[in-house]
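**Student:** Predicted model follows, preceded by the sequence.
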Amino acid sequence: MVVIFVLSHQPAAVSSGQSGVFVEQLHHIVPGIDRQLLTFMIRKSAHIFAYFVLGILVFNALHQQPKLHKQKAHAAQLAITICILYAASDEFHQLFISGRSGEVGDIAIDSIAASIGIILTSCIRKYLERISPRLR
């Protein structure tokens, strides 16, 4: 969450400069792709990656709690709720940063990415528990 906050707290010029480095490298590799499209794809991919990882981390942290260890569905629901609320608060936070804006679409992307991370982690845990009783 700290990493997401720090990245969101950067003014638009700094944030654009960071993604611009990747855009130029990719444009050099694939010169036919429009720079604006590359910028869009890189920025949305960063959202997807960050919230996918956040979903995994939040679910695993909640799953370690004794009250939630046996209630995986409840842990997953709570993790998704936390990630959605954090995504919304992050977009709200960006409204106060120079040149940045809060986007409802980003909340949706972030929420879906976190949910996929949580569901995938839950499925992997379920599979591992099935093949190894010690993990229960």
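**Tutor:** Sure, I can see it. Residues are numbered from 1 along each chain as shown.

**Student:** Flag the shaky bits of the protein, pLDDT-wise.
**Tutor:** Along the chain, the parts satisfying pLDDT under 70 run over 69, 134-136.

**Student:** and stretch 6-26, which residues are buried?
**Tutor:** Within stretch 6-26, the residues scored as buried using 16 or more other C-beta atoms under 10 Å are Ser8, Gln10, Ser15, Ser19, Phe22, Val23, Leu26. C-betas here are computed from N, CA, C, even on glycine.

**Student:** should've said stretch 98-118
**Tutor:** For stretch 98-118, using 16+ other C-beta under 10 Å, the buried residues are 100, 102, 106-107, 109-115, 117-118.

**Student:** which of those lies closest to Cys83?
**Tutor:** Nearest to Cys83 among the buried residues of stretch 98-118: Ala114, at 3.5 Å, using C-beta to C-beta.

**Student:** tell me the contacts of that closest one?
**Tutor:** By C-beta atoms under 8 Å, 6 or more residues apart in numbering, the contact list for Ala114 reads Tyr51, Phe52, Leu54, Gly55, Val58, Ala79, Ile80, Cys83, Ile84, Ala87.

**Student:** Measure how far the helix or strand where it lies is from the centre of its chain, please.
**Tutor:** Using DSSP states H and E, Ala114 sits within helix 104-131. Its chain's C-alpha centre and that of helix 104-131 lie 10 Å apart, by C-alpha atoms, centre = their mean, to the nearest Å.
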